[in-house]
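In: Got a predicted model here, sequence first, then my questions.
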Amino acid sequence: MEANKNIPSRENVASMFDSIGKLYDLANRCISFGVDPWFRRALIKTVPSDRPIKLIDVATGTCDQLLSCLVHRPNITKATGIDVSKEMLKVGQKKVFKNGYGSIVDLKIQNAENTEFHEGSFDVATLSFGIRNFKDPQKGLNEIYRILNQGGSVHILEFSTPLLRPIRGLFLFYIRYVLPKIGALITSNLQAYNYLHQTIETFAQRDEFLKLLENASFVQVNYKSTFFGIVTIYTGIKQ
């Protein structure tokens, strides 16, 4: 089964996510069969738990990853979430206050490739299912490196195509032909969910993505594919 070689445009990412923001969480649960929270918890296992940390969740969307981090890492003293989608952040803000974290969470509309934060503002950066949407992923990783403290760490969760042939075939069939229809049924936006599978198939994965982290000056870069290779977790340290 050949991979889709047409690289989708990232020009209208903000407006695309604005259009599905209110139904984004419901769509996620349905297209993932309810397992997407488990993906996010797998990432949290790589986040330090032995010291107080200031966290930034990049491309935070509706704040699922940020909130999961706060629940499972009580050593987080301050959390900031940034995203380009105003409507996604509106949904996220409601969830933050509903869960009682309003006093330690700050949400901002910002482009992750060019933030307004000072150098060394955060101890940990998380980024779940968002790096594929950057216009320039390398620039985004460079910026994350800049805003981390020395010794700070980046933790990235992203989709990947399974390496085992039978699972890979099933996965590609699902994301190409089934997932878009489910997403469109819920959100009435077929384009957004065609975009999803196109970015998964064309984006850098595993060793190729590690090179981007190394180019951003991160050290001790590593990856671990999990859930049959459907998702991969990438980590790196700012020396």
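Out: In hand now; what should we look at?

In: element containing Ala204?
Out: In this assignment (DSSP states H and E), Ala204 forms part of neither any helix nor any strand.

In: same check, this time on the one 5 residues further on
Out: In this assignment (DSSP H and E), Phe209 forms part of helix 207-215.

In: what's the neighbour count on the closest residue in space to Arg206 that isn't next to it in sequence?
Out: Counting by Cβ to Cβ, 6 or more residues apart in numbering, Tyr223 is the residue found nearest to Arg206 once chain neighbours are left out, at 5.7 Å. To be clear about C-beta, it is placed using only N, CA and C from the backbone, and glycine gets the same treatment. As a burial measure, the neighbour count of Tyr223 was computed by other Cβ atoms under 10 Å and equals 18.

In: Now do the contacts for Tyr223.
Out: Applying Cβ atoms under 8 Å, 6 or more residues apart in numbering, we find Tyr223 in contact with 206-207, 209-210, 232-235.

In: run the last query once more with 6 Å
Out: 206, 232, 234 (Cβ atoms under 6 Å, 6 or more residues apart in numbering).

In: When you filter the residues you listed down to buried only, what's left?
Out: Listed as buried from the contacts of Tyr223 are 232, 234; burial here means 16 or more other Cβ atoms under 10 Å.

In: Val91 contacts Thr62, doesn't it?
Out: Yes. Applying Cβ atoms under 6 Å as the test, Val91 and Thr62 come out as touching, 4.4 Å apart.

In: more crowded one of these two?
Out: Shown here are Val91 and Thr62; by other Cβ under 10 Å, Thr62 has more neighbours (26 against 19).

In: Relative to Asp136, how far out is the more buried one?
Out: 24 Å (Cβ to Cβ, to the nearest Å).

In: which residues are contacting the longest strand along the chain?
Out: Longest strand in the chain by number of residues, with DSSP state E as the criterion: strand 148-159. Contact partners of strand 148-159, identified using Cβ under 6 Å, 6+ apart, comprise 43, 46-47, 120, 122-128, 131, 144, 200, 231-238.

In: which residues does the residue nearest to Arg206 bridge with?
Out: In this structure, Tyr223 has beta-bridge partners Tyr234, where bridges are defined by DSSP bridges.

In: ok, it to Ala204 distance?
Out: Applying Cβ to Cβ to Tyr223 and Ala204 gives a distance of 11 Å.

In: mind listing the strands in this structure by residue range?
Out: Counting by DSSP E, the chain forms strands over residues 53-58, 76-83, 105-109, 122-128, 148-159, 218-226, 231-238, given from the N-terminal end onward.
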